[in-house]
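1. Got a sequence here, can you model it:
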Amino acid sequence: MALSPTDVTQLAAVDSARAARVLSDVRAATLSGQRAPVAPRPVIEQSWERMLRSGVDPDHDVRSGLLSREEVQRRRESTVLRHVLPVLREGLLSVADVAHHIMVVADDEGRVLWREGNSAVLRKADSLGFELGADWRESVVGTNGVGTPAVVRRPVQVFASEHFQRSQTSWTCTGAPITDPRDGRLIGVVDVSGPLETMHPATLAWVDSVAKLAEARLRELHLTSLERLRAVAAPVLARLPGRALVVDRDGWTAAVTGMPYPNRIALPKSLAPGRRWLPPLGPCSVEPLAGGWLLRPADEPVPAGATRIVLDLTQPRRWSVTVSGGAGSWSHELSPRHAELLYLLALHRTGRSAAGLAEDMFGDAGRTVTVRAEMSRVRRYLGAFLEHRPYRFREDAEVDVLLPDDPRGLLPQSTAPGVVRGRLSAEVS
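-> Numbers count the residues shown, from 1 in each chain. You can find the predicted model right below:
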């Protein structure tokens, strides 16, 4: 009896070996231009057509190099996927491990950033090049559960010889894209993979549902961040006449006064304080706030006044930074690590390299990845007042540091060499 593509998928759930043989015949016939015993599923056939047009070789696995461990870490720190890892782990890992699968999370460029699950399957994945930092774009390694969902923007299951490249035909992959719920932009792909005998049709719905939970979590985090920004914006806008609005770093509106409420303002990638032209507002005055920007159309008066940054280290574990400018002031409570970093930058107004800060923080100039990750977090609320290469406060900002009366009370739990030197210097003076 002839099988349909759907029948093959169902057959794989009860007789994976037979289904794999059928799909092997389908792949061989289709790629050689002959009539296949069963038509490939449309999503697979369309992917194969893309591969043939682009010249991907089905019989030779050609890959680009792995990312370095430092670059993988940098991408982990900069992607919003890190915020939904707990959701993905809770929804996928426990079942994946029992079912002899692994969970793989790749960024929007198809680079594998996280890989967890059954240890034996992880070792098999190594032999396929399914490693941290590997490039699994469809245009590089053919039809697969990471690259293909990213192209078609929907969940895809790829079983056995549905993979375009021969080296992957002993494998089954089920991936779903994760998109930014605010604008639909692709953020990455979550994939559950394993040996072909672990394939089950229900895996597709399972992975898709967890990906949607991750997107819901991102939506929740976005709304929470806007609420925090709104709390900062409220007293600032209350003091201003005329039109003004506060947006987050991506241009999403948190609060307005004197004008209709726009959902989002298109911001340039490298926005800086001062006079800027912004669609649809036209000429604007731009001022930084904690986690966002204050935008004022140029026809409104702009209060004068230099920016003053006060780093308050006087109270144990109640450290803060306060920024005062023309539109008012705002404060941000600091973690111990961020208090250390800002104190060190205040000591070195001409700037410190990542290696220099690593030496100041850990006594180890090689720990630049940690320093860059922490500085990336600091820049989320203070970025408009910081420069990099080297890291430093902006030259036009007035920076004051308030220290405790007793030098021993300066960040007393800190063992950072640069802070220890600062205590000793204060004691001597």
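2. State the number of residues packed around Val22.
-> Burial of Val22 is recorded as 20 neighbouring residues (other C-beta atoms under 10 Å). Every C-beta, even on glycine, is put in place using the N, C-alpha and C of the backbone.
3. Surely it is in contact with Val38?
-> Yes. Counting by C-beta atoms under 8 Å, Val22 touches Val38, with 6.2 Å between them.
4. All the helices of the chain, residue numbers only.
-> For the chain, the helices defined by DSSP state H cover 5-14, 16-31, 42-54, 69-78, 85-88, 94-98, 119-127, 138-141, 147-152, 203-238, 336-347, 354-362, 368-382, 417-428.
5. hey, which of those helices is tucked in deepest?
-> Per residue and on average, the most neighbours among those fall to helix 147-152, with a mean of 24 (mean count of other C-beta atoms under 10 Å).
6. which other residues reach that helix?
-> With contact meaning C-beta atoms under 8 Å, 6 or more residues apart in numbering, helix 147-152 is reached by 43, 46-47, 50, 106, 108, 110, 136-141, 155-156, 158, 175-177, 186, 189, 191.
7. pull the CA atoms of it into CSV?
-> As requested, the backbone C-alpha atoms of helix 147-152 are provided in CSV (Å, rounded to 0.1, in the frame of the first residue of the first chain):
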residue,chain,number,x,y,z
GLY,A,147,18.2,26.4,10.7
THR,A,148,15.0,25.5,8.9
PRO,A,149,12.6,26.8,11.6
ALA,A,150,14.6,30.1,11.5
VAL,A,151,13.9,30.3,7.8
VAL,A,152,10.2,29.4,7.7
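8. thinking again about what came up before, dump the helices of the chain to a markdown table, plus mean pLDDT.
-> Shown next, in a markdown table, are the helices of the chain (pLDDT from 0 to 100):
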| stretch | mean pLDDT |
| --- | --- |
| helix 5-14 | 55 |
| helix 16-31 | 78 |
| helix 42-54 | 91 |
| helix 69-78 | 92 |
| helix 85-88 | 96 |
| helix 94-98 | 76 |
| helix 119-127 | 89 |
| helix 138-141 | 91 |
| helix 147-152 | 95 |
| helix 203-238 | 93 |
| helix 336-347 | 91 |
| helix 354-362 | 92 |
| helix 368-382 | 85 |
| helix 417-428 | 80 |
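9. Which one, of these, ends up nearest to Pro407?
-> Evaluated over the helices of the chain, closeness to Pro407 peaks at helix 417-428, with 3.7 Å, by C-beta to C-beta.
10. contacts for that closest one?
-> Around helix 417-428, the neighbours that count as contacts under C-beta under 8 Å, 6+ apart are 340, 343-344, 347, 359-363, 403, 407-408, 410-411, 414.
11. The helices of the chain: which one's closest to Val323?
-> Closest approach to Val323 among the helices of the chain is made by helix 368-382 (7.6 Å; C-beta to C-beta).
12. and that closest one, what other elements does it pack with?
-> Counting contacts by 3 or more C-beta pairs under 8 Å, 6 or more residues apart in numbering; DSSP states H and E, helix 368-382 is packed against helix 69-78, helix 336-347, helix 354-362, strand 386-387.
13. That helix relative to helix 354-362, how many degrees between them?
-> Orientation of helix 368-382 against helix 354-362 (axes from the mean of the first three to the mean of the last three C-alpha atoms, to 10 degrees) gives an angle of 90 degrees.
14. Taking the centroid of the protein, which residue is nearest it?
-> When C-alpha atoms, centre = their mean is applied to the chain, the residue found nearest the centroid is Thr79 (1.0 Å).
15. Let me see the contact set for that one.
-> With contact taken as C-beta under 8 Å, 6+ apart, Thr79 is in contact with 107, 113, 187-188.
16. can we see that at 10 Å?
-> Neighbour list for Thr79: 105, 107-108, 111, 113, 187-188 [criterion: C-beta atoms under 10 Å, 6 or more residues apart in numbering].
17. Would you reformat the residues you listed as TSV and include neighbour count?
-> Shown next, in TSV, are these (neighbours: other C-beta atoms under 10 Å):
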residue	neighbour count
Val105	26
Asp107	21
Asp108	17
Arg111	22
Leu113	20
Ile187	18
Gly188	26
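18. so which of these comes closest to Arg69?
-> Leu113 (11.5 Å).
19. And that closest one, how far from Leu81?
-> Using C-beta to C-beta, to the nearest Å, Leu113 is found at 7 Å from Leu81.
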